[in-house]
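[1] Just need the structure, nothing else, for what follows:
(one chain, ligands or ions: 3)
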Amino acid sequence: MSQDQWTAVDQYINNLVIPPDAALEATLEASVAAGLPPINVTPAHGKMLHLLARAQGARRILEIGTLAGYSTIWLARALPPDGRLITLESDPQHAGIARANIARAGLEDRIDVRLGAALDTLPRLAEERQGPFDFTFIDADRPNLPEYFAWALTLSRRGSLIIVDNVVRKGGVIDAASEDPNIKGVRRFGERLAAETRVSATMVQTVGAKGYDGFTIALVTG
Ligand code: SAH
Ligand code: DHB
Ligand code: MG
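    Numbering: from 1, shown residues only. Ligands and ions are numbered 1, 2, ... in the order given. Model (predicted):
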């Protein structure tokens, strides 16, 4: 098994079930052109998020970590016309590119890009009583992951779904001795998840065009 094979199979999946889409493709092109890191979700993963949000009947979605808005657009397209998505981004360049991509996709009316460190903007969402969110996608920096998960729970209701990206990190997550702050953040998150009585959760390992990683899916049950 190799990266070449995972990429080829992702291409096969894209050809089968992900029709060409001008707004999503333009979003990735603008992201590359601006020199943003290519760490958006893959098309297959983006569509999975979209399908989960749709199956959930989500009317209010929260995203932590916007980048160029690629996953944001996939998620917002799951919303009904009066639905709303709030996405949190700390980098002004990323937020600016995301806003342009979102406008090009015709989703400006449904998406609110909030600039600022998520640990500053999340308490504001609570103050504004923006919750509960039906669906939360956490995909920002890993060292703060346990705190983001705690906020996602605070801003959820029973029945909400919380998806957390990049929790396997090429298998690095099982290295208990790691000094890597990303691994430490993911492991600390795993401990909190295990101890959290208000969710039922699993983690799924994935391979594809973006390598070997995985995501957490947590259903808020209490
Ligand atoms: N969800 C996007 C990818 C997000 S990449 C997609 O799949 O298309 C992670 C993003 O989180 C980057 O844009 C980075 O700037 C942002 N980020 C990093 N630290 C942050 C913080 N403390 N608060 C908010 N956003 C942060
Ligand atoms: C990284 C971050 C991501 O959100 C991702 O999906 C892949 C990689 C990273 O920081 O390396
Ligand atoms: Mg990610």
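[2] Just give me the neighbour total for Ala44.
    Counted by other CB atoms under 10 Å, the residues lying close to Ala44 total 19. (Glycine included, C-beta is placed from N, CA and C.)
[3] and it, what does it touch?
    By CB atoms under 8 Å, 6 or more residues apart in numbering, the residues touching Ala44 are Asp10, Ile13, Asn14, Val17, Ile18, Gly208.
[4] Quick one: buried ones out of the residues you listed?
    Asp10, Ile13, Asn14, Gly208 (16 or more other CB atoms under 10 Å).
[5] from this structure, which residue is nearest to ligand 2?
    Closest residue of the chain to ligand 2, CB to the nearest ligand atom: Ile39 (3.9 Å).
[6] Pretty sure that residue sits against Ala68.
    No: the criterion here is CB atoms under 8 Å, and Ile39 misses it with Ala68 at 9.9 Å.
[7] These two - which one has more neighbours?
    Under the criterion of other CB under 10 Å, the comparison of Ile39 against Ala68 puts Ala68 first, with 31 against 14.
[8] if we can go back for a sec, could you report the neighbour count for the residue nearest to the residue of the chain closest to ligand 2 when sequence neighbours are not counted?
    Distances taken as CB to CB, 6 or more residues apart in numbering place Leu67 nearest to Ile39, at 6.7 Å, with adjacent residues excluded. For Leu67, the number of neighbouring residues by other CB under 10 Å comes to 26.
[9] which ones are touching Leu67?
    When contacts are counted by CB under 8 Å, 6+ apart, Leu67 is found next to Ser31, Leu36, Pro37, Ile39, Asn40, Glu89, His94, Ala98.
[10] Look at the last one and report its pLDDT.
    Just to be clear, that refers to Ala98. According to the prediction, Ala98 has pLDDT 98.
[11] Distance of it relative to Tyr70?
    From Ala98 over to Tyr70 the distance is 9 Å, taken as CB to CB, to the nearest Å.
[12] okay, those two: which has more neighbours?
    Higher neighbour count among Ala98 and Tyr70: Ala98, with 27 against 24, using other CB under 10 Å.
[13] gap between that one and Asp175?
    For Ala98, the distance to Asp175 equals 33 Å [CB to CB].
[14] what does Asp109 give?
    Distance, Asp109 to Asp175, by CB to CB: 45 Å.
[15] again with Ile13
    Look at Ile13 and Asp175: by CB to CB, they are 30 Å apart.
[16] what do you get for Lys47?
    31 Å.
[17] Of these two, which one has the most company?
    Comparing Lys47 with Asp175 by other CB under 10 Å, the one with more neighbours is Lys47, at 18 against 13.
[18] Leaving out chain neighbours, which residue sits closest to the more buried one?
    Ile18 (5.8 Å).
[19] and Pro181, how far is that from ligand 1?
    Applying CB to the nearest ligand atom, to the nearest Å, the value for Pro181 to ligand 1 is 12 Å.
[20] Where does the residue nearest to that residue when sequence neighbours are not counted sit: helix, strand or coil?
    Nearest non-adjacent residue to Pro181, counting by CB to CB, 6+ apart: Pro143, 4.7 Å away. The local conformation at Pro143, judged by DSSP: H, G, I helix; E, B strand; the rest coil, is coil.
[21] got the contact list for Pro143?
    Contacts of Pro143 (CB under 8 Å, 6+ apart): Pro181, Asn182, Lys184, Gly185.
[22] Could you identify the buried members of those residues?
    Asn182, Lys184, Gly185.
[23] Out of those residues, name the ones that lie in helices.
    Counted as lying in helices by DSSP state H, out of these, are Asn182, Lys184, Gly185.
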